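Predicted model, plus sequence, below.
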Amino acid sequence: MFGSTLLDRRSKPERIADQAWQNLVSALDSAGDSVKDAARSARRNGSGLADDATDLVGSAAEEARRRAGLAFDALAGRRPALPWTLLIAAALAGAALGWAAGTAARAAGSRARELDEIEFVDVDRPDSPVGLDG
C-alpha cells in the first residue's frame, strides 16, 4: 500500500519514464527469448550448413590449387600434358564409327548385286535408222 501511494505522487514525466522503462525491459526480455530460440535453431541447422560450406570451400580450394599449378607450369615454360584419355576415347569412337560404316556399305553392296542380276536380251530391229544392226 505504501508503494502504491508513492507511485501516485510522482510527476507525470516520471510515470511516463517508468512505463517506458518497463516496456523496454519487457521488449528486451522477449527479444532475448527470440534470440535464444534463433540460436537454438541455428545450432540445429548450422551443422548441415557447415558441412555444405566445407564441401564447397574444399572443392573451390582444390580447383584453386589445380589452377595455380597450371599457372606455375605455364610461367616456367612447361607445356601441359596431353589428355591421353580423351585421345584414346576419340580413337575408339572413330574405330567404332568406321566399323559401322564399313558394315553398312557391305550390306548395301550385296543388295545392289542382287538387283544387278537382270538379264539383257539383244533384239534385232529391222528398221534401225542409224544402221547399228548391221
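Looks like it came in fine. Numbering: from 1, shown residues only.

Run through the protein and note the low-pLDDT ranges.
For the chain, applying pLDDT under 70 flags the ranges 1-8, 32, 35, 42-43, 45-53, 56-57, 112-134.

let's see it at 90
1-83, 105-134 (pLDDT under 90).

who's in contact with Ala27?
By CB atoms under 8 Å, 6 or more residues apart in numbering, the contact list for Ala27 is empty. Every residue, glycine included, has its C-beta placed from N, CA and C.

Give me the distance between it and Asp33.
Distance, Ala27 to Asp33, by CB to CB, to the nearest Å: 11 Å.

Let me know how buried Ser41 is, in neighbour terms.
When neighbours are counted by other CB atoms under 10 Å, Ser41 registers 10.

ok, it to Ser34 distance?
For Ser41, the distance to Ser34 - CB to CB - is 11 Å.

Thr85 too?
The gap separating Thr85 from Ser34 is 56 Å, by CB to CB.

now Ala101
72 Å.

Okay, strands next: where are they in the protein?
With DSSP state E as the criterion, the chain has no strands.

longest helix anywhere in it?
Taking DSSP state H as the criterion, the chain has its longest helix at helix 12-75.

Confirm for me that Leu70 is in contact with Pro80.
Yes - counting by CB atoms under 8 Å, Leu70 touches Pro80, with 6.8 Å between them.

between the two, who's got more neighbours?
Between Leu70 and Pro80, counted using other CB under 10 Å, Leu70 has the larger neighbour count: 12 against 8.

How much space separates the more buried one from Ala81?
10 Å.

do the same with Ser26
70 Å.

between those two, which one's more packed in?
Neighbour count, other CB under 10 Å: between Ser26 and Ala81, Ser26 has more, with 10 against 7.

List the residues that contact that one.
Not one residue lies near Ser26 by CB under 8 Å, 6+ apart.

Also Ala39?
Counting by CB under 8 Å, 6+ apart, Ala39 makes contact with nothing.
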